[in-house]
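Student: Give the three-dimensional model of this entry:
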Amino acid sequence: MDRRSWYMPKASADALADLVEELYWETRQPKQAILAAVVDEVLVRRAQIERRLGKR
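Tutor: Predicted coordinates:
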């Protein structure tokens, strides 16, 4: 396990926390496993994120 800190808009942080909390109660999986699954999904969509951000 590792712990990192990231600054992000409050609305984004709240939405992420809500998602993790909802998935926790639906699945009863550890929150670190839920967050890992969320990150894995984001990484699959990297090209779409790059397009959205306007890759340099």
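
Student: Start and end of stretch 23-35, how far apart?
Tutor: 10 Å (Cα to Cα, to the nearest Å).

Student: mind listing what's buried in that stretch?
Tutor: Neighbour counts over stretch 23-35 (16 or more other Cβ atoms under 10 Å) mark 23, 34 as buried. Quick note: C-beta positions are derived from backbone N, CA and C, even for glycine.

Student: all numbers from here: first residue = 793
Tutor: Taking 793 as the first residue, the last one we looked at is stretch 815-827.

Student: Return the mean pLDDT over it, rounded to an integer.
Tutor: Stretch 815-827 shows an average pLDDT of 98 in the prediction.

Student: Give the rounded mean pLDDT of the strand or helix carrying A839.
Tutor: Remark: A839 resides in helix 838-845, with elements defined by DSSP states H and E. For helix 838-845, mean pLDDT rounds to 92.

Student: what's the next secondary structure element after the longest helix anywhere in the chain?
Tutor: Across the chain, the longest stretch assigned as helix under DSSP state H is helix 802-819. Next in sequence after helix 802-819, counting helices and strands by DSSP H and E, comes helix 823-836.

Student: helices or strands up against that following helix?
Tutor: helix 802-819 (3 or more Cβ pairs under 8 Å, 6 or more residues apart in numbering; DSSP states H and E).

Student: now with 10 Å?
Tutor: If you count contacts as 3 or more Cβ pairs under 10 Å, 6 or more residues apart in numbering; DSSP states H and E, helix 823-836 packs onto helix 802-819, helix 838-845.

Student: Can you tell me which of those helices is most buried?
Tutor: Each of the helices and strands packed on helix 823-836 was scored by mean neighbour count; the highest is helix 802-819, a mean of 12, by mean count of other Cβ atoms under 10 Å.
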